[in-house]
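**Student:** below: sequence and its predicted model.
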Amino acid sequence: MRIHVIGSLLFAAGMLFLPAPSSAQFRASVTIAPPALLVAEQPVCPGDGYLWTPGYWGWDDAYYWVPGDWVMPPEVGYLWTPGYWGWGGDAFMFNEGYWGTSVGFYGGIDYGFGYFGRGYEGGRWNNGRFFYNSTLNNVNRNSMHNVYDTRVNGSSGNRISYNGGNGGINARANSQEEAAAHSRHIAPVSAQTERAESARNEPRQRFSANHGAPPGSAGARSASAVHPKDLPALEHAASPNTGNAKMDRKYQQQQDKLAARQNQDRQKLQQQQDRQHQQFATRQSNAARNQQQEQRHQQQTQQMQQRHSQQTQQMSQRQSGGGESRGGGESRGGGGGGGGHR
């Protein structure tokens, strides 16, 4: 595999180093998109002055997870601009993060904890001291008093980890972010490079080994399973209680029918993925192709989960509407059956 490295933070030995442009990038000639971001619990802030730096996927012949961490900035007044993966037309490139007096462009990626795609809502500097937004950060208010509470509805809720390309975030830098990109930068500090190196050398952090839920990632957990067999059992909806026994029986039958159909969907998808696993095993495919297949399986499972969630929600809404009126409710409930196929 042909690999080019430009101004690398994440990768060291055995690679070709080229002159760095104004924005450091890691370029690998692969078309495998980075996996979805992990949903992680943030550890408590260790003390005054530490800033949260979010986790991300690194690359070294395969993707591996570098967990987020609290880091002391190199200078007072400096903020962290996270790195991000972007599609460069024929390959994915990693744009290295940096410290600066303002937050630059990080691909529109929603890393959470105040990094919602633009700027940083998790805290601010004031007279040489950093103040934490406690609605977005895990801080101990008994020992830290430089906190404030500002609720921000900035999260998109998605876990897409790259900009551009097929399925990536469609965002471009604004004028303020462009200015930040050309201002004075400081490279990631030693604590960050050591953390990245440690993750690179830990086999369990690799996506191919953990399918998006590596250990030691500040409580990281996968928000969705890779295969249907990994999913928890379907939750049973609350038994209908409209006060009309006949209506309750009808609604219960609808719920049972939907649950049976969704379980059948799971079985069919699992069988399809099992067949693909067997085909790959006979071909003795390499690790990169296997990883690409697992990412496709994860996407298929996510899409099925979302479809089932929408179906369950739509049925609940129809039944709630039907229970509130007489004849009109029956009509809405029956007419909604066709809507479930959208």
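**Tutor:** Nice, thanks for sending it over.
**Student:** could you list the low-pLDDT ranges of the stretch 51-200 of the chain?
**Tutor:** Judged against pLDDT under 70, the stretch 51-200 of the chain has no low-scoring part.
**Student:** which parts of it are strands?
**Tutor:** 51-53, 56-59, 63-66, 69-71, 79-81, 84-87, 92-95, 98-100, 123-126, 129-133, 147-148, 162-163 (DSSP state E, counting those that start in this stretch).
**Student:** what about the helices in the chain?
**Tutor:** For the chain, the helices defined by DSSP state H cover 175-181, 190-200, 207-210, 245-283, 287-323, 327-339.
**Student:** now the strands of the stretch 51-200 of the chain in CSV, with distance to residue 230 and mean neighbour count?
**Tutor:** C-beta: built from backbone N, CA, C; applies to glycine. Putting the strands of the stretch 51-200 of the chain into CSV (distance: least, Cβ to Cβ, whole Å; neighbours: other Cβ atoms under 10 Å) gives the following:
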stretch, distance to residue 230, mean neighbour count
strand 51-53, 29, 25
strand 56-59, 20, 24
strand 63-66, 18, 25
strand 69-71, 28, 19
strand 79-81, 34, 23
strand 84-87, 25, 23
strand 92-95, 26, 24
strand 98-100, 37, 22
strand 123-126, 36, 16
strand 129-133, 35, 18
strand 147-148, 39, 14
strand 162-163, 24, 24
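**Student:** out of those strands, which comes closest to residue 211?
**Tutor:** strand 63-66 (10.9 Å; Cβ to Cβ).
**Student:** show me how far that closest one is from its chain's centre.
**Tutor:** Distance of strand 63-66 from the chain centroid (Cα atoms, centre = their mean, to the nearest Å) equals 13 Å.
**Student:** which elements pack onto that strand?
**Tutor:** Judged by 3 or more Cβ pairs under 8 Å, 6 or more residues apart in numbering; DSSP states H and E, the packing partners of strand 63-66 are strand 56-59, helix 190-200, helix 207-210.
**Student:** can you list the buried residues in the second one?
**Tutor:** Residues of helix 190-200 classed as buried under the neighbour-count rule (16 or more other Cβ atoms under 10 Å) are 192, 195, 196, 197, 199, 200.
**Student:** quick check: the fifth one vs residue 276, distance?
**Tutor:** Taking Cβ to Cβ, to the nearest Å as the criterion, residue 199 is separated from residue 276 by 29 Å.
**Student:** between the strands of the stretch 51-200 of the chain, which gets nearest to residue 182?
**Tutor:** strand 98-100 (10.0 Å).
**Student:** work out the gap between that closest one and the centre of the chain.
**Tutor:** With Cα atoms, centre = their mean, you get 23 Å for strand 98-100.
**Student:** which residues sit against it?
**Tutor:** 24, 73-75, 78-81, 104, 180, 183-189 (Cβ atoms under 8 Å, 6 or more residues apart in numbering).
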